[in-house]
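Participant: I need the structure of the sequence given here:
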Amino acid sequence: MFRKMRRFKQQLPEAECLEILEKAPRGVLAVLGDEGYPYTVPLDFVYDDGKLYFHSALEGHKVDAIRNYDKASFCVLNEGYQNPGEWWYYFRSVIAFGKIRILEDRDEINEKLRLLARKYMPAEDIEPDMAKNAHRSALIELTIEHMTGKRVEEK
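Facilitator: You can find the predicted model right below:
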């Protein structure tokens, strides 16, 4: 169902892909938007047990697209590096494909919001913010069905 990577010699093992997903600060979600146009949006995220979670408003283009079509992809890059005197960057990337949905259960939403908050604000007490804002937040879940990682070492 999913294509094999064309540049297979640069393919990353699954463990390295998961490490990138656990550490990357953000990525770009791609969904099928209005009139069949791709819609991409950069998002903070958290990886947990084969799934990616994204915080969201309760309405908007992204939410509408997810309600209309349940497949998506998400791409992340590590920071990479550039050697002195070279114009190109060396980096690793991961693309995850899967089924996407908006969570409905408020307890599950709050659990995953806390997981997301611990990634970005590990030392903060997030409970006051949860009490004030969680009810106005949606949470999106992408269940990974296929994932590829690539080591980019172009010259």
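Participant: what's the longest helix in this structure?
Facilitator: helix 106-120 (DSSP state H).
Participant: Number of residues surrounding N68?
Facilitator: For N68, the count of nearby residues is 11 (other CB atoms under 10 Å). Where C-beta positions appear, they are placed from N, C-alpha and C, glycine not excepted.
Participant: Against S73, how distant is the nearest residue in space to it that is not next to it in sequence?
Facilitator: In space, N68 comes closest to L32 once its chain neighbours are excluded; the distance is 7.2 Å by CB to CB, 6 or more residues apart in numbering. Counting by CB to CB, to the nearest Å, the gap from L32 to S73 is 10 Å.
Participant: The two - which one has more neighbours?
Facilitator: Higher neighbour count among L32 and S73: S73, with 20 against 16, using other CB under 10 Å.
Participant: follow-up on the earlier one: and the residue nearest to N68, bridged to which residues?
Facilitator: Following DSSP bridges, L32 is listed with bridge partners P38.
Participant: Break down this protein into its helices, ranges please.
Facilitator: Under DSSP H, the chain gives helices at 14-23, 61-68, 106-120, 127-133.
Participant: Count the neighbours of the closest residue to Y53 other than its chain neighbours for me.
Facilitator: Nearest non-adjacent residue to Y53, counting by CB to CB, 6+ apart: K112, 4.7 Å away. Burial of K112, expressed as a neighbour count using other CB under 10 Å, amounts to 21.
Participant: quick one on the thing from earlier: can you put the helices of the chain in a markdown table and add distance to T148 and mean pLDDT?
Facilitator: Listed next are those as a markdown table, based on distance: least, CB to CB, whole Å; pLDDT from 0 to 100:
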| stretch | distance to T148 | mean pLDDT |
| --- | --- | --- |
| helix 14-23 | 7 | 94 |
| helix 61-68 | 22 | 97 |
| helix 106-120 | 23 | 92 |
| helix 127-133 | 35 | 84 |
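Participant: For H146, find the nearest of these.
Facilitator: H146 sits nearest to helix 14-23 of all these, at 10.9 Å, using CB to CB.
Participant: Export the closest one to PDB, keeping only CA atoms.
Facilitator: The C-alpha coordinates for helix 14-23 follow below in PDB (Å, rounded to 0.1, in the frame of the first residue of the first chain):
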ATOM      1  CA  GLU A  14      12.700   2.500  12.900                       C
ATOM      2  CA  ALA A  15      14.500   3.100  16.300                       C
ATOM      3  CA  GLU A  16      16.100   6.200  14.900                       C
ATOM      4  CA  CYS A  17      12.800   7.400  13.400                       C
ATOM      5  CA  LEU A  18      11.200   7.100  16.800                       C
ATOM      6  CA  GLU A  19      14.000   9.000  18.500                       C
ATOM      7  CA  ILE A  20      13.500  11.900  16.000                       C
ATOM      8  CA  LEU A  21       9.700  11.900  16.700                       C
ATOM      9  CA  GLU A  22      10.400  11.900  20.500                       C
ATOM     10  CA  LYS A  23      12.800  14.800  20.300                       C
END
